[in-house]
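J.: how would this look folded up:
(one chain, ligands or ions: 1)
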Amino acid sequence: MGEFADKVVIITGSARGIGKEIAAAFAAEGAKVVISDVNAESCAATAQEFGAQAIAMPANVTVKAEVENLVEQTKAKFGSVDILVNNAGVTRDGLFVRMKEEDWDLVLNINLKGTFLMSQAAAPVMMKQRSGKIVNIASVSGLFGNFGQANYASSKGGIVALTKVMARELAPRNVNVNAVAPGFIVTAMTDKLTDDIKENINKQIPFGRMGQVKDIANAVLFLASEKAAYITGQTIAVCGGLTMQS
Ligand SMILES: NC(=O)c1ccc[n+]([C@@H]2O[C@H](COP(=O)([O-])OP(=O)(O)OC[C@H]3O[C@@H](n4cnc5c(N)ncnc54)[C@H](O)[C@@H]3O)[C@@H](O)[C@H]2O)c1
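T.: Sure, this is the predicted structure:
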């Protein structure tokens, strides 16, 4: 029996990368895991890797009807929604003076509006249960305003603020809402960077290296656990010391 035995967890954008690692960590602790992603094919393939404990439920977090259906299907299949991890996210980097409006809209829609829509669909279930945990995946970019990421940093800073509002509004129903702000983590997202950029980034990190997906999964599981029962509205930066909040 793992720490999350029989808990039902929805993880958005979990077909690969950080989301997939978070799903693996919950599955290893006995949770029933809903692998959700806009990419239906890789969503099904990932769920299959985890066996009977996991189920694939594709959904685009920007489409209200799809996220509502995701929550309904999860309830119908497993009976509850105990934990929601809002992980789906994208980047479309560029200098803000030249940033295309569609790149602004795309990133804000998926990262911030997707977190809002998904949480709005799952929160009523948790409020009724008088228990639940929402963990949002922000980014240190949203804390320090990374160069070339006007859209992404704004979306992630928005997630930090949304986390605080939801935490205040849901605390009376015993629902915790927190965020994890990853620093630079070794994934497909950071593989796109050139070696020069990676070297420059590593120089700025006190630990001198990028983090691993496991580092993020560990923080998410802590915030979703009873060990974090008295923590809400917080953003934990998991970044090797890249940013330090005052
Ligand atoms: N990799 C990093 O260094 C890093 C750093 C800080 C924050 N993050 C955040 O961590 C999260 C995961 O990042 P990752 O590196 O694993 O990225 P990734 O690109 O490997 O995975 C993101 C997943 O989200 C899915 N997705 C995209 N749009 C979607 C939508 N509209 N609806 C549902 N799913 C959608 C993608 O299909 C993909 O499977 C993101 O929110 C990202 O912003 C990553």
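J.: max-length helix in the chain?
T.: helix 150-170 (DSSP state H).
J.: got the residues of the chain near the ligand?
T.: By CB under 6 Å from any ligand atom, the part of the chain that sits against the ligand consists of 12-13, 15-19, 37-39, 60-62, 87-90, 110, 114, 137, 139, 182, 184-185, 187-190. C-beta: built from backbone N, CA, C; applies to glycine.
J.: and the buried ones among those, selectable in ChimeraX?
T.: Selection of buried members from those for ChimeraX, criterion 16 or more other CB atoms under 10 Å:
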select :12,13,15,16,17,18,19,37,38,60,61,62,87,88,89,90,110,114,137,139,182,184,185,187,189,190
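J.: packing partners for the longest helix of the chain?
T.: When contacts are defined as 3 or more CB pairs under 8 Å, 6 or more residues apart in numbering; DSSP states H and E, helix 150-170 sits against helix 101-107, helix 114-129, strand 132-137, helix 141-144, strand 175-182.
J.: quick one: these as CSV, columns for distance to Ala54 and mean pLDDT too.
T.: Formatted as CSV, these follow (distance: least, CB to CB, whole Å; pLDDT from 0 to 100):
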stretch, distance to Ala54, mean pLDDT
helix 101-107, 28, 98
helix 114-129, 18, 98
strand 132-137, 18, 98
helix 141-144, 29, 97
strand 175-182, 21, 98
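J.: return the helix or strand in the chain with minimum mean pLDDT.
T.: helix 188-191 (a mean of 85; mean pLDDT, DSSP states H and E).
J.: how many residues are close by Glu66?
T.: By other CB atoms under 10 Å, the residues close to Glu66 number 18.
J.: residue contacts, it?
T.: Ala59, Asn60 (CB atoms under 8 Å, 6 or more residues apart in numbering).
J.: what average pLDDT does the strand or helix carrying it get?
T.: Applying DSSP states H and E as the criterion places Glu66 in helix 64-78. Confidence for helix 64-78, expressed as mean pLDDT, is 98.
J.: quick check, distance from it to the centre of its chain.
T.: Relative to its chain's centre, helix 64-78 lies at 18 Å (CA atoms, centre = their mean, to the nearest Å).
J.: next structured bit after that helix?
T.: Next along the chain after helix 64-78, taking DSSP H and E as the criterion, comes strand 83-86.
J.: give the other helices and strands that that following strand contacts.
T.: strand 8-12, helix 17-28, helix 114-129, strand 132-137.
J.: how does it look with 7 Å?
T.: Judged by 3 or more CB pairs under 7 Å, 6 or more residues apart in numbering; DSSP states H and E, strand 83-86 is in contact with strand 8-12, helix 114-129, strand 132-137.
J.: strands paired with it, and their directions?
T.: Sheet pairing of strand 83-86 (DSSP bridges) gives strand 8-12 (parallel), strand 132-137 (parallel).
J.: output it as PDB, nothing but the C-alphas.
T.: Output of strand 83-86 as PDB, limited to C-alpha atoms (Å, rounded to 0.1, in the frame of the first residue of the first chain):
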ATOM      1  CA  ILE A  83      -5.700  15.500  -6.700                       C
ATOM      2  CA  LEU A  84      -5.400  17.700  -9.800                       C
ATOM      3  CA  VAL A  85      -2.000  18.600 -11.200                       C
ATOM      4  CA  ASN A  86      -2.200  21.400 -13.800                       C
END
